[in-house]
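K.L.:
Dropping the sequence and predicted coords here.
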Amino acid sequence: MKRFLIVVLFSLLWVFVQAQDLEYAKSIVDRLCAEDMHGRGYLNAGDKNAAYLIENEFKSFKLLPYNIIEGTIGSQKGKKIRNYVQEFSMKVNTFPTEVRLIVDGIELKAGTDFILKPSSGPIADKELDLYFLTKKNIKDEAAYDDFSFEDYTAVCVVVDQAEFAKEKDNEYLKLVMENDMRADAVMLLASGSLMWGVSQTFDKFPTYIVQKEKLPKKAALIEVLHETKYYYSYKSQNVIGKIEGKTHQDKYIVIGAHYDHLGKLGNQVYYPGANDNASGVAMMLDIAKHYSDVFSQPEYTMIFVGFGAEEAGFLGSKYFVENPPVPLKDIRLMINFDMMSTGEGGLMVVNAEKNSGDFSKINQINSRKQYLETLMSRPEAAISDHHFFHKAGVPALYFYLMGAKEKDYFYHNPGDVPSNVSMTGYVAAFKLITEFIDAL
């Protein structure tokens, strides 16, 4: 009877611990998606707020710092400071004020009804006539010359992308997209959820991307307004912490996840980024928390990194690889988490072919323990922060959980909120990956 009670109590304790882990992950996702994070972009110091949260978590787990620096200002001047931040500079285009688009008196909602191409330039408060591009305008050089010769001052040229889907290689269509005709604006009509992004470049004109069904039939006039602020040298950062290994102190496992997202489109709409990638940060921090326990000290020294500016082109991870805190040759493996909040469709491992031995070990553990019903692999793809590690010759794997095929997870859309993700496969993925790390 006593043995039975011990088994029951142990089982209940295990369930409680796992529930705690999931609640911790959910709390991180909620905090990173809060309005005061401003979409973890480059307005209102959104990226810095997120980096500060990660740094504080590292400190609470007593992770070792990235390096020790000497303070230069105020009460810290001359003192040794534990530094967790690796700064880098970047170019980025932002939209800090009101973003307005009114079509024939009907105001469209930024982020859902329309977006601005991330490289868009500013436009003053004005009205523009709509001109709908036709295939006749771009059928040949003579037709395009006739079209582009007209005066497009106070005009927005509209391109229905579905209508021109088969014309994507048309050189004259490309010129229209580049605004060769010098219209005040360009509008692209699209279907489905609108996916926004981040741009390091800027154009001299705005491009509006509008859901086709939101544009009134026979629309003739739009009223527009927005400003831009382009940063030639914006200071962003990676956040780095370390746990020393028991056996291989000079060999490293790097665990990374990008904390940045798309920020704000104007001063009212922000992109929470729950799945992409608050969930990956939660997994990275959860694993840091796990190995910071004295009873779970890893064999290899572990370096945990919250990467900045992934959405702008993997800039933070590129900078890390070019300015590594440890020799790249001594990194046993880099593990990247990006979109870890679903799981209905299983777990995907990217770059498995180049790291077949490691993937085989993951597969064996999962087959034995049945953590996840579906474990899949795909070859290298330059789609997240593992890429520059792999390119530099560092073994690198990228993990992401797959959702239900029929569900819209609002990728790069304001709808990517904590309430829209299930965390179904999170705990199973955590168990599988930590057991894999222990087996290295």
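P.N.:
Done, it's in. No experiment lies behind these values; they were computed from the predicted model shown.

K.L.:
Touching stretch 407-415 from outside, list them.
P.N.:
With contacts defined as CB atoms under 8 Å, 6 or more residues apart in numbering, stretch 407-415 is touched by 111-112, 193-197, 262, 269-272, 275-276, 342, 344, 403, 416-417, 420-421. Just so you know, the C-beta spots here come from the backbone N, C-alpha and C atoms, and that holds for glycine as well.

K.L.:
Report the rounded mean pLDDT for it.
P.N.:
Averaged over stretch 407-415, pLDDT sits at 96.

K.L.:
Using the record's assignment, carve this structure into domains.
P.N.:
Following automatic domain parsing, the chain resolves into domains at 24-90+232-439, 97-227.

K.L.:
Columns mean neighbour count on top of those, output as CSV?
P.N.:
Below are these laid out as CSV (neighbours: other CB atoms under 10 Å):
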stretch, mean neighbour count
domain 24-90+232-439, 20
domain 97-227, 16
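
K.L.:
Check the gap between Glu310 and Gly192 for me.
P.N.:
Here the criterion is CB to CB, to the nearest Å. By it, Glu310 lies 24 Å from Gly192.

K.L.:
cool, and Leu22?
P.N.:
Computed as CB to CB, the Leu22 to Gly192 distance reads 32 Å.

K.L.:
do Phe399 as well
P.N.:
To Gly192, Phe399 is 27 Å away according to CB to CB.

K.L.:
Among the contacts of stretch 407-415, which lie within helices?
P.N.:
Taking DSSP state H, every one of the contacts of stretch 407-415 sits outside helices.

K.L.:
List the ones among those residues that fall in strands.
P.N.:
Among these, DSSP state E puts 269-270 in strands.

K.L.:
By mean pLDDT, flag the weakest helix or strand of the protein.
P.N.:
Taking mean pLDDT, DSSP states H and E as the measure, the chain has helix 2-32 as its least confident helix or strand, at a mean of 65.

K.L.:
so how far is whatever helix or strand Tyr232 lives in off the chain centroid?
P.N.:
Per DSSP states H and E: Tyr232 is located in strand 229-243. From the chain centre to the centre of strand 229-243 is a distance of 14 Å (CA atoms, centre = their mean, to the nearest Å).

K.L.:
Just the C-alphas of it, formatted as CSV.
P.N.:
C-alpha atoms of strand 229-243 as CSV (Å, rounded to 0.1, in the frame of the first residue of the first chain):
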residue,chain,number,x,y,z
LYS,A,229,10.8,57.3,-39.9
TYR,A,230,13.9,55.6,-41.4
TYR,A,231,16.7,54.7,-39.1
TYR,A,232,20.1,54.5,-40.8
SER,A,233,21.8,53.1,-37.6
TYR,A,234,19.3,51.7,-35.2
LYS,A,235,20.9,50.0,-32.1
SER,A,236,19.3,46.6,-31.5
GLN,A,237,20.7,43.7,-29.6
ASN,A,238,21.1,40.0,-28.9
VAL,A,239,20.7,38.8,-25.3
ILE,A,240,23.1,36.2,-24.2
GLY,A,241,23.5,34.0,-21.0
LYS,A,242,25.6,31.0,-20.2
ILE,A,243,25.5,27.8,-18.0
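
K.L.:
Sheet partners, orientation included, of that strand?
P.N.:
In the sheet containing strand 229-243, its partner strands are strand 64-65 (antiparallel), strand 85-94 (antiparallel), strand 300-307 (antiparallel), by DSSP bridges.

K.L.:
Please identify which of the ones you listed is closest to Phe389.
P.N.:
Nearest to Phe389 among those is strand 300-307 (10.5 Å), distances taken as CB to CB.

K.L.:
Using CSV, list the CA coordinates for the closest one.
P.N.:
In CSV, the C-alpha atoms belonging to strand 300-307 read as follows (Å, rounded to 0.1, in the frame of the first residue of the first chain):
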residue,chain,number,x,y,z
TYR,A,300,28.2,20.8,-22.3
THR,A,301,28.4,24.5,-21.5
MET,A,302,25.2,26.0,-22.8
ILE,A,303,24.8,29.4,-24.4
PHE,A,304,21.3,30.8,-24.5
VAL,A,305,20.6,33.6,-27.0
GLY,A,306,17.6,35.8,-27.7
PHE,A,307,18.3,37.0,-31.2
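
K.L.:
For the next helix or strand along the chain from that strand, give the mean pLDDT please.
P.N.:
Remark: after strand 300-307, the chain's next helix or strand is helix 315-322, criterion DSSP H and E. The average pLDDT for helix 315-322 rounds to 98.

K.L.:
Report the distance from helix 315-322 to the chain centre.
P.N.:
Offset of helix 315-322 from its chain centre (CA atoms, centre = their mean): 15 Å.

K.L.:
Then stretch 174-185?
P.N.:
Here the centre of stretch 174-185 is set off from its chain's centre by 30 Å, with CA atoms, centre = their mean.

K.L.:
Could you do stretch 117-124 as well?
P.N.:
Distance, stretch centre to chain centre, for stretch 117-124: 22 Å (CA atoms, centre = their mean).
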